[in-house]
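[1] I need the structure of the sequence given here:
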Amino acid sequence: MELCDLNKIDIEQLPQSLQMLIECIGLEHAYRLTTIYGGRPKYIPKHRERTTLAEILPTEALDALIKRYAGMALEIPKADHFNRQLRNQQIQQESSNGQSRSVLADKYGLSLRQIGNIRRQEAHTR
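    Residues are numbered from 1 along each chain as shown. Below you'll find the model as predicted:
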């Protein structure tokens, strides 16, 4: 996924834990954390010198993370939440351009039912 694709993400559709992480350190930095540590707990120390997160996050993002979560093991959500939302947007776009459910199911490795659910989901969000 390209960083410019992050602009297409509807943050309100993401899980609450991911929304809180984005609110704390920003969308791009939250995405980076999820790609590296997603699905695992990551201990947030009280001092930035005691973590490898300094190699991943800029100082201001790391300081914000420490301020909010110091001394806690933070369960980092998986990056799948971002990727799934972008995939579903792509499916909805291609569907509105006339692609059939069976073509989309083959292309994305999903069932016809899943494609139908994604298409209906778009109708609810409008």
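
[2] what's in contact with the helix or strand hosting residue 114?
    For residue 114, the host element (DSSP states H and E) is helix 112-125. Identification of contacts with helix 112-125 by C-beta atoms under 8 Å, 6 or more residues apart in numbering yields 13, 88, 91-92, 95, 101-102, 104-105, 108, 110. The way it works is simple: take the backbone N, C-alpha and C, and place the C-beta from them, glycine included.

[3] among those residues, who's most crowded?
    Among those, the one with the most neighbours (other C-beta atoms under 10 Å) is residue 91, at 23 neighbours.

[4] mind listing the strands for this structure?
    Counting by DSSP state E, one finds strands in the chain at the ranges 41-44, 72-75.

[5] Just checking: what are the partner strands of the first one?
    So the one you mean is strand 41-44. Sheet pairing here is set by DSSP bridges, and for strand 41-44 it gives strand 72-75 (antiparallel).

[6] buried set for the partner strand?
    Neighbour counts over strand 72-75 (16 or more other C-beta atoms under 10 Å) mark residue 74 as buried.

[7] mind exporting it as CSV, just the C-alpha atoms?
    Below are the C-alpha coordinates for strand 72-75, written out as CSV (Å, rounded to 0.1, in the frame of the first residue of the first chain):
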residue,chain,number,x,y,z
MET,A,72,1.7,-0.4,29.4
ALA,A,73,1.8,-3.2,27.0
LEU,A,74,-0.2,-1.8,24.1
GLU,A,75,-1.9,-4.3,21.9
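
[8] The residue lying closest to residue 40 once chain neighbours are set aside and residue 90, how far apart?
    Spatial nearest neighbour of residue 40, chain neighbours left out: residue 76 (6.2 Å); criterion: C-beta to C-beta, 6 or more residues apart in numbering. Distance, residue 76 to residue 90, using C-beta to C-beta, to the nearest Å: 25 Å.

[9] repeat for residue 112
    Applying C-beta to C-beta, the value for residue 112 to residue 90 is 17 Å.

[10] what do you get for residue 17?
    From residue 17 across to residue 90, the span is 25 Å (C-beta to C-beta).
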